[in-house]
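Novice: I'll drop the sequence and a predicted model, then ask my questions.
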Amino acid sequence: MKRVLRWNRCVVGVCAVVLLLGGAAALTPLRAADTAADNSACTACHDQDKKLAKSAHATLACTSCHAQHEEYPHPANIPKPACSQCHQGQEVDYERGVHGQAVKKGNAAAPDCALCHGSAHELLQPKSAAFRAQVPETCSMCHSEVAEQFRASVHGQAFAKGVTQAPMCTDCHGEHSILAHTNQSSPVYADNIRDTCGNCHGNVQLSRRFGLPVDRVVSFNASFHGLAAKEGSETVANCASCHGVHNILPSSDPRSTVNAKNLAMTCGKCHEGAGKRFAISQVHVAQGRAEAKPMRWVRQFYLLLIPLTIGLMLLHNGGDWVRKLLRRRSPGGAAGSGRYEPPGRPNVRMLPFERVEHGVLVLSFLTLVWTGFALKYPDQWWARPLMLREGSLRSVVHRIAAVVFMGVTLAHGISLIANRRLRRHWKQLVPKVEDGREALANFAYNVGIRSAPPGRSAHSYVEKAEYWAVAYGALVMIVTGLMLWGDNLMLALFPKVWLDVATSVHFYEAVLATLAIVVWHFYGVIFDPDVYPMETAWLTGVSVKPLETPEDARELEPHAAEPDPAEPEPVGSRIIST
């Protein structure tokens, strides 16, 4: 009996579902018929039905927009339906744009919804190809001169050939919220031009489809113009500064502002005299086969030199640290055992003038590193404090630090010429043949090839390599930095590739110098177990390391051939090595 009841319940449930579905299916055409009947009542007098059927409003009933339609005859002076009833977001955008602002100021000729979209009964789908094709013509009703320039441009020519993905007015200026180019929120504001152009020229799929260079945005971002724009400069050249605005033409066109014959005039707007003696060469410099050979040689040289140099430094210092740590932990390996220190003769390494030089050099170098890499990586947290005043703060601080750096370098050279004592110290850092043998022996010991420590001289290869690396690096950075600082003069006198090479060398040399300071110099003055936590010679002039042997003391004695009776030289004094 229970099974029968359950069976009956199932049958009743299935029947109910079938009836519901059938009823819904039956009501659907009735509702459609009701809607059609409503529109039919309107079209009995109004012939808008055919136009409405092809428009973007085809799915809407007349009653959705027209009020008091049920009264007949219709009351007089019924206001036309406002687009904002359904398109509130677009209305807000329109009111903040230049067209909406013109209407608020009383300009009755300013375009409204109907002027751009057409009648509400026959407007086209905004995303349709037919609508896009009409946009330039619509804008030309007010902006005829600009429209002529657009039609003659590479974008307008592509658009005329049926390439609907070619950019036109609304792609760059916006649709409803069209803002003046001086408005910071406008897509064509100077600071936003790169991103606006990058919508197409930074799109790999579009670039491949239409045969466009795929590296234009990347190469611009890597250039000084791109880096300065990224840090906030509104006066640096952007895409439109060189290629034009509405009159953009391919570089092969003699009328183009980036045609080879016109580059001198285009670049000369910012860089006076550029291209007068030598033609402006490749502008978008990107890594790869397309880059100039000198640029490729520089990049390959430093990409080999930097890992090799820093890698050898890490091996040398890492092995030295392990050796010293094991020696200190072994029986009888306490620090300072077996050292020789003549009574009353501390290991003086830096004189007062040298310590001042070192302090100024450190401050200027660290400032240059900070402000220099901030240009390359402006989005990092440590670079943001320098981005004030459109990045000009970074530029000013960097140049001040550069002047200080050049000043201390010049002062060091003059002191070697004018001061006999400093000149004697400098001679102790002149490389010798024995330095190479000593370096190889110590490296072999540090990496475990040799078992017995070979020892180091008082002024060893460590200090000599460090000093001459600083001297060479300072020369390279000063020369290339001056070339970049005087970019207008460089472009007026030399080929542009010289400036490109100087930019590349300046960056890679800065990377090498920074890594060398961290890996080599910081180890010697901080992390070396013999001096940890710090070598105090740069503060007090006296090293925390005592003299090791009587031979070291004799090596550091002043040369008898050049005595200075007015002021005896301390044992171990030397010029700064950073």
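Specialist: Yes, it's here.
Novice: Can you show me the strands along the protein?
Specialist: Using DSSP state E, no strands are found in the chain.
Novice: Low-confidence stretches in it?
Specialist: Filtered on pLDDT under 70, the chain yields the residue ranges 1-39, 68-70, 289, 332-345, 390-391, 547-578.
Novice: who are the neighbours in contact with residue 216?
Specialist: Residues in contact with residue 216 (CB atoms under 8 Å, 6 or more residues apart in numbering) are 201-202, 284. For glycine as for every other residue, the C-beta is placed from the backbone atoms N, C-alpha and C.
Novice: how does it look with 6 Å?
Specialist: By CB atoms under 6 Å, 6 or more residues apart in numbering, the residues touching residue 216 are 201, 284.
Novice: Give the buried residues for stretch 269-284.
Specialist: 270-271, 274-275, 278, 280-281, 283-284 (16 or more other CB atoms under 10 Å).
Novice: Revised request: answer the last question for stretch 350-360.
Specialist: For stretch 350-360, a neighbour-count test (16+ other CB under 10 Å) marks 350-351, 353-355, 357-358, 360 as buried.
Novice: ok so, going back, now distance to residue 66 too, for the buried residues of stretch 269-284, in TSV please.
Specialist: Formatted as TSV, the buried residues of stretch 269-284 follow (distance: CB to CB, whole Å):
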residue	distance to residue 66
270	58
271	63
274	64
275	65
278	71
280	63
281	66
283	58
284	56
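Novice: quick one: which of the residues you listed is nearest residue 65?
Specialist: Of all these, residue 65 sits closest to residue 284, with 51.7 Å by CB to CB.
Novice: And the closest residue to the closest one other than its chain neighbours, how far from residue 230?
Specialist: Leaving aside its sequence neighbours, residue 284 sits nearest to residue 219 (CB to CB, 6 or more residues apart in numbering; 4.0 Å). Residue 219 sits 14 Å away from residue 230, going by CB to CB, to the nearest Å.
Novice: Repeat that for residue 518.
Specialist: Applying CB to CB, the value for residue 518 to residue 230 is 26 Å.
Novice: Over to residue 377?
Specialist: Counting by CB to CB - residue 377 and residue 230 are separated by 9 Å.
Novice: same deal with residue 168?
Specialist: According to CB to CB, residue 168 and residue 230 sit 28 Å apart.
Novice: Ok, residue 116 next?
Specialist: On the measure of CB to CB, residue 116 and residue 230 end up 35 Å apart.
Novice: can you check residue 433 too?
Specialist: Applying CB to CB, the value for residue 433 to residue 230 is 50 Å.
Novice: Of those two, which one has the most company?
Specialist: Neighbours per residue, other CB atoms under 10 Å: of residue 433 and residue 230, the larger number sits with residue 230, 19 against 7.
Novice: pretty sure that one is touching residue 380, no?
Specialist: No. In this structure, residue 230 is not within contact of residue 380 by CB atoms under 6 Å, at 11.6 Å.
Novice: Any buried residues in stretch 103-121, and which?
Specialist: 103, 110-111, 113, 116-118, 120-121.
Novice: With stretch 119-137 instead?
Specialist: So for stretch 119-137, counting by 16+ other CB under 10 Å, buried means 120-124, 131-132, 135-136.
Novice: What's the local residue count around residue 402?
Specialist: Counted with other CB under 10 Å, the neighbours of residue 402 add up to 21.
Novice: list the contacts for it?
Specialist: Here residue 402 is in contact with residue 481 (CB under 6 Å, 6+ apart).
Novice: And it, how far from residue 376?
Specialist: Per CB to CB, residue 402 is found 16 Å from residue 376.
Novice: residues near residue 458, how many?
Specialist: The number of residues packed near residue 458 is 20, by other CB under 10 Å.
Novice: Could I get the contacting residues of the residue nearest to residue 284?
Specialist: Shown in contact with residue 219 (CB under 6 Å, 6+ apart): 284-286.
Novice: ok, now residue 250?
Specialist: Contacts for residue 250 were tallied using CB under 6 Å, 6+ apart; they are residue 154.
Novice: Give me the distance between it and residue 200.
Specialist: Distance from residue 250 to residue 200, by CB to CB: 15 Å.
Novice: picking up where we left off before, need the buried residues of stretch 350-360 in CSV (columns: distance to residue 160).
Specialist: Listed next are the buried residues of stretch 350-360 as CSV, based on distance: CB to CB, whole Å:
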residue, distance to residue 160
350, 75
351, 78
353, 74
354, 73
355, 73
357, 68
358, 68
360, 64
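Novice: so how far is residue 546 from residue 347?
Specialist: Distance of residue 347 to residue 546, given as CB to CB: 6 Å.
Novice: So between those two, which is more surrounded?
Specialist: Using other CB under 10 Å as the criterion, residue 347 and residue 546 rank with residue 347 on top: 24 against 15.
Novice: Pretty sure that one sits against residue 540.
Specialist: No. The criterion here is CB under 6 Å, and residue 347 misses it with residue 540 at 11.0 Å.
Novice: No more questions from me, cheers.
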